[in-house]
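K.L.:
sequence first, predicted model second:
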Amino acid sequence: MSAPTVDDDFLPTEPEGRLTRAELRGDVPTALRLAAILAVVGLPLGALWALLAPTVHTVALPGTGTGSPAGEADHAFDAVAIFVLMITAFGVIAGALAWRRRHRRGPVVLVALVLGSLVGAWLAGRVGALFAWSASPVPVLVDPAALGTAGMPGAPVPAVLTSVPASPGPWWIAIVAGLGAALTYVLAAIVDGHEDMGRDDP
């Protein structure tokens with residue numbers, strides 16, 4: 001009597017594209033290095049922003065408070081906008097470079113990518129705020145009417161021109177870098193179309 005046969009179609013199989021625990025553990029060192037590198041990159045990124053960000057000039061009038069020349073108030077928004085664009089590009093580039101590591105593609109690298117981008121962008125903001133420069137006070141003659149303060153037009157008065165260091169904005173703006181990195185990585189995985197994300201053997 002022959003032994004019963006089992007149809008291979010009914011045998012449990014390992015789902016395609018699912019990473020094993022050994023592979024996930026093997027991704028951890030690479031993921032930690034990636035997160036550390038992204039955090040360190042935030043330091044020169046913040047210094048670069050400090051060089052590019054405009055300052056806001058203010059004029060102190062004797063006895064009548066302070067005012068800003070026309071257009072100077074917009075520089076505060078410009079500084080934040082420049083920072084947002086820089087950290088967004090930072091996150092997108094980080095996501096693209098992380099995707100290039102074919103033999104380590106997976107959730108572990110994605111988590112490290114997002115965390116590293118967040119920390120790097122946060123450090124960029126702190127370093128940028130530290131390096132943001134302000135000009136020394138300079139005595140000038142100004143027309144009070146040009147500053148929106150009381151005074152007769154065309155009658156210059158002595159004042160002091162100073163500047164306020166640029167600000168990168170609140171700390172939570174760093175989320176933009178993490179979103180940019182995550183979206184780039186996920187979109188690349190969707191375009192790839194493979195269940196294993198085209199992962200190669202190391």
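P.N.:
Great, that's in hand.
K.L.:
now the strands for this protein?
P.N.:
Using DSSP state E, the strands of the chain run over residues 56-61, 65-67, 138-142, 157-164.
K.L.:
per-residue confidence for the closest residue to Gly169 other than its chain neighbours?
P.N.:
Of all residues not flanking Gly169 in the chain, Val80 sits nearest, at 4.2 Å (Cβ to Cβ, 6 or more residues apart in numbering). (C-beta placed from N, C-alpha, C; glycine too.) With respect to pLDDT, Val80 scores 93.
K.L.:
and the gap between Val80 and Leu38?
P.N.:
Going from Val80 to Leu38 by Cβ to Cβ, to the nearest Å gives 22 Å.
K.L.:
ditto for Ile93
P.N.:
Distance, Ile93 to Leu38, by Cβ to Cβ: 10 Å.
K.L.:
Ala98 too?
P.N.:
Per Cβ to Cβ, Ala98 is found 9 Å from Leu38.
K.L.:
joint contacts of the two?
P.N.:
Overlap between the contact sets of Ala98 and Leu38, as judged by Cβ atoms under 8 Å, 6 or more residues apart in numbering, is given by Leu113.
K.L.:
Val80 and Leu38: who's more crowded?
P.N.:
Shown here are Val80 and Leu38; by other Cβ atoms under 10 Å, Leu38 has more neighbours (27 against 17).
K.L.:
not counting sequence-adjacent ones, nearest residue to the more buried one?
P.N.:
Of all residues not flanking Leu38 in the chain, Gly116 sits nearest, at 3.2 Å (Cβ to Cβ, 6+ apart).
K.L.:
residue boundaries of the helices in the chain?
P.N.:
Along the chain, counting by DSSP state H, helices occupy 21-52, 74-99, 107-131, 175-192.
K.L.:
between helix 107-131 and the first one, find me the angle.
P.N.:
Inter-element angle recorded for helix 21-52 and helix 107-131: 20 degrees (by axes from the mean of the first three to the mean of the last three Cα atoms, to 10 degrees).
K.L.:
so what does helix 21-52 touch, helix or strand wise?
P.N.:
Contacts defined by 3 or more Cβ pairs under 8 Å, 6 or more residues apart in numbering; DSSP states H and E place helix 21-52 against helix 74-99, helix 107-131.
K.L.:
which of the ones you listed sits closest to Leu51?
P.N.:
helix 107-131 (8.0 Å; Cβ to Cβ).
K.L.:
who does the closest one touch, helix- and strand-wise?
P.N.:
helix 21-52, helix 74-99, helix 175-192.
K.L.:
put together a markdown table for those, with distance to Ala112 on each row.
P.N.:
Formatted as a markdown table, those follow (distance: least, Cβ to Cβ, whole Å):
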| stretch | distance to Ala112 |
| --- | --- |
| helix 21-52 | 3 |
| helix 74-99 | 8 |
| helix 175-192 | 10 |
